[in-house]
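> here is a sequence with its predicted model. Questions after.
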Amino acid sequence: MRFPFQNTYARLSHEFHQPASPEVVTNPELIIYNEKLGHELGIELTSENAREIFSGNQLPEGAEPLAMAYSGHQFGQFNPQLGDGRAILLGELSGKDVQLKGAGRTPFSRRGDGRSALGPVLREYLVSEAMHQFGIPTTRALAAVTTGEKVLREEAEPGGVFTRVAQSHLRIGTVQYFAARKDHESLRQLVFYANTRHFPEAIDALDLLENVMKRQASLIAKWMSVGFIHGVMNTDNMTLSGETIDYGPCAFMDHYDPQKKFSFIDQGGRYAYGNQPGIAQWNLARLAEALCPLIDDDGGKAVAAATEVLQKFPQFFEEAQSKVFFRKFGLTHGDWSLVQGLHDLMEQDRADFTLVYRHLTKGEESFVAQFKNEVAARIWWQHWQDQSPSLALARRTNPIFIPRNHRIAEVIDAAYRGDFTPFHQLHQILTNPFDEQPEHVEYEQAPEPDEVVPHTFCGT
């Protein structure tokens, strides 16, 4: 079957990638295929075709499978040689990358098996598509399949393959890869390619830095507005396009806590909820360092020019954050003390982030019921009412349903028993996250104490 691939990345020099072909699996079964997204990409598939292609068993004509090279700072430590160890880029459709995750070993797999357990496949499908419905830039989910084989992690688990679609898979770590190798010619090629693909109005490396910074500032603000915690904000997990990528140990906050983290490996809380803006700026500084050789031949001048751009990040982030949070209040502008006051109340009373914003539009008594400190909640409510908020705007910007961690755990547990009904049900609910769904009201609720899932794992 022929797909209308463009494959511009495959045309770049061999320093950028290595050939990699998916490995055949024994008994694949299609869990889900995103037909609407497939149509947008210009492909129409039967279930049988989708199963074979998205398991890696059948390579569509026109594909040029490869693994991408990149480096990255992981929890602050630089690793010069990472690359796609369990991901294979098939090519580009309608200008977007189509990539298989968990389809077997690549030249960058090192000691890994190149496979994915089923749990991370289901998590990424649900969360990335929910983020899309929230209006947050993200990679998309095209398909998920089971492989019919086991992968060995802490124990033997069912395997899966996830098909991811992205504006591109270029990362800050891609830039770092060539900078670390002092391969300035490839670095120039990369900057030209990234600008051409994502920022056609841009001219040079400094333009690339500023554009990436603006998009990341907006992205992190949107994450914060729905209580999303990425969990692994390494530089190889920050895209130049400004999309959310790599849904490993991610989760959404239940009760509000700026220091909330979910990643089991993030013992120090480096990537906690409230640290995400600062980490984004830190990562962008690493991008600036990598681009300095192209900014100016004079190292001092290059650093000064890059620093001038980086110093704009707090302003960009604050503007983006104010915009998204005031919209959650049904306002177009206001004083940040209104937001901070509500968050302080949430933190003190361990109130649920999503439910508090959800009940803003359901009346004073419903809102106050979310808090232990009724008097303080009523004072805040009246202060908010004095701003003449638009309830219609607030309803459009506060999701009723999010992919809560305990619900995803239920989905994964059921799938490991061979039951995908909970997966499909949660996926259907999250397709319309802003709409009332009385038949699924239990999915709105925060977990009971015995349902809380405190940690997540990369697991791939």
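On my side now, so go ahead.
> wait, Asp207 touches Phe199, no?
Yes - judged on Cβ atoms under 8 Å, Asp207 makes contact with Phe199 at a distance of 6.7 Å. Yep, even glycine has a C-beta here, placed from its N, CA and C like the rest.
> which of those two has more neighbours?
Neighbour comparison, Asp207 and Phe199: the larger count goes to Phe199, with 18 against 15 (by other Cβ atoms under 10 Å).
> check which helices and strands the helix or strand containing Phe316 sits against.
Using DSSP states H and E, the element containing Phe316 is helix 313-328. Counting by 3 or more Cβ pairs under 8 Å, 6 or more residues apart in numbering; DSSP states H and E, the packing neighbours recorded for helix 313-328 are helix 205-225, helix 276-295, helix 336-349, helix 391-397.
> what sits against Ala69?
Ala69 sits next to Glu15, Phe16, His17, Gln18, Gly83, Phe108, Thr174, Tyr177 when contact means Cβ atoms under 8 Å, 6 or more residues apart in numbering.
> actually Gln99, not the one I typed
Gln99 sits next to Ala87, Ile88, Leu89, Leu90, Thr163, Arg164, Val165, Ala166, His169 when contact means Cβ under 8 Å, 6+ apart.
> return the member of those nearest to Gln58.
Leu90 (11.2 Å; Cβ to Cβ).
> that closest one belongs to a strand?
Yes - counting by DSSP: H, G, I helix; E, B strand; the rest coil, Leu90 is part of a strand.
> so the residue located most distally from the centre of the chain, which state does it fall into?
Distance from the centre of the chain peaks at Val375, with 38.0 Å (Cα atoms, centre = their mean). When classified by three-state DSSP, Val375 comes out as helix.
> which residues in the chain form strands?
17-19, 29-33, 66-68, 72-74, 77-79, 87-93, 96-101, 116-117, 140-152, 156-166, 228-229, 251-252 (DSSP state E).
> closest to Pro60 out of those strands?
strand 87-93 (7.1 Å).
> so where's the stretch 151-300 of the chain uncertain?
In the predicted model of the stretch 151-300 of the chain, no residue satisfies pLDDT under 70.
> quick one, helices of the stretch 351-460 of the chain?
In the stretch 351-460 of the chain, helices defined by DSSP state H, counting those that start in this stretch lie at 353-359, 364-368, 374-385, 391-397, 405-416, 421-430, listed in chain order.
> looking at these, which is nearest to Ser116?
helix 405-416 (12.7 Å).
> which helices and strands sit right next to the closest one?
Packed next to helix 405-416, using 3+ Cβ pairs under 8 Å, 6+ apart, are helix 118-134, strand 156-166, helix 421-430.
> pLDDT below threshold where in the stretch 351-460 of the chain?
457-460.
> which residues are in contact with Asp236?
Residues in contact with Asp236, defined by Cβ under 8 Å, 6+ apart, are Tyr70, Ser71, Gly72, His73, Gln74, Leu82, Arg171, Ile172, Gly173.
> in a markdown table: the residues you listed, plus neighbour count.
Shown next, in a markdown table, are those (neighbours: other Cβ atoms under 10 Å):
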| residue | neighbour count |
| --- | --- |
| Tyr70 | 25 |
| Ser71 | 26 |
| Gly72 | 24 |
| His73 | 20 |
| Gln74 | 16 |
| Leu82 | 22 |
| Arg171 | 26 |
| Ile172 | 27 |
| Gly173 | 30 |
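> so the spatially closest residue to Ser116 that is not a sequence neighbour versus Val25, what's the distance?
Among residues not flanking Ser116 along the chain, Gly102 sits closest, at 2.8 Å (Cβ to Cβ, 6 or more residues apart in numbering). Look at Gly102 and Val25: by Cβ to Cβ, to the nearest Å, they are 10 Å apart.
> so for the two, which residue has more residues nearby?
Legend: neighbour count by other Cβ under 10 Å for Gly102 and Val25, higher for Gly102 (29 against 21).
> in this structure the more buried one contacts Leu118, no?
No - here Gly102 lies out of contact with Leu118, judged by Cβ under 8 Å, at a distance of 9.1 Å.
> ok so, going back, can you tell me which of the helices and strands packed on helix 313-328 is packed in deepest?
helix 205-225 (a mean of 23; mean count of other Cβ atoms under 10 Å).
> so what's the gap between that helix and the chain middle?
Between the centre of helix 205-225 and the centre of its host chain there is 14 Å, according to Cα atoms, centre = their mean, to the nearest Å.
> cool, stretch 383-395 as well?
30 Å.
> rewinding a little: now list whatever residues contact both of Gly102 and Val25.
Common neighbours of Gly102 and Val25, using Cβ under 8 Å, 6+ apart, are Thr147, Gly159, Val161.
> turn the residues you listed into a markdown table, columns for distance to Met131 and neighbour count.
Output for these, formatted as a markdown table (distance: Cβ to Cβ, whole Å; neighbours: other Cβ atoms under 10 Å):
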| residue | distance to Met131 | neighbour count |
| --- | --- | --- |
| Thr147 | 25 | 27 |
| Gly159 | 25 | 24 |
| Val161 | 21 | 28 |
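> need those residues in a markdown table (columns: distance to Leu310).
Formatted as a markdown table, the shared contacts of Gly102 and Val25 follow (distance: Cβ to Cβ, whole Å):
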| residue | distance to Leu310 |
| --- | --- |
| Thr147 | 44 |
| Gly159 | 42 |
| Val161 | 39 |
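> closest one to Ile429 among the helices and strands packed on helix 313-328?
helix 391-397 (17.1 Å).
> show me what that closest one packs onto, helices and strands only.
Packing partners of helix 391-397 (3+ Cβ pairs under 8 Å, 6+ apart): helix 313-328.
> give me the mean pLDDT for the helix it packs on.
For helix 313-328, mean pLDDT rounds to 98.
> please shift the residue numbers so they start at 684 in all later answers.
All right, first residue 684 from here; so that's helix 996-1011.
> could I get the contacting residues of the spatially most central residue of the chain?
Per Cα atoms, centre = their mean, the C-alpha nearest to the average position across the chain is that of Thr927, at 3.0 Å. Thr927 sits next to Ser811, Met814, Ile819, Pro820, Thr821, Thr822, Leu902, Trp906, His913 when contact means Cβ under 8 Å, 6+ apart.
> the fifth one: neighbour count?
As a burial measure, the neighbour count of Thr821 was computed by other Cβ under 10 Å and equals 24.
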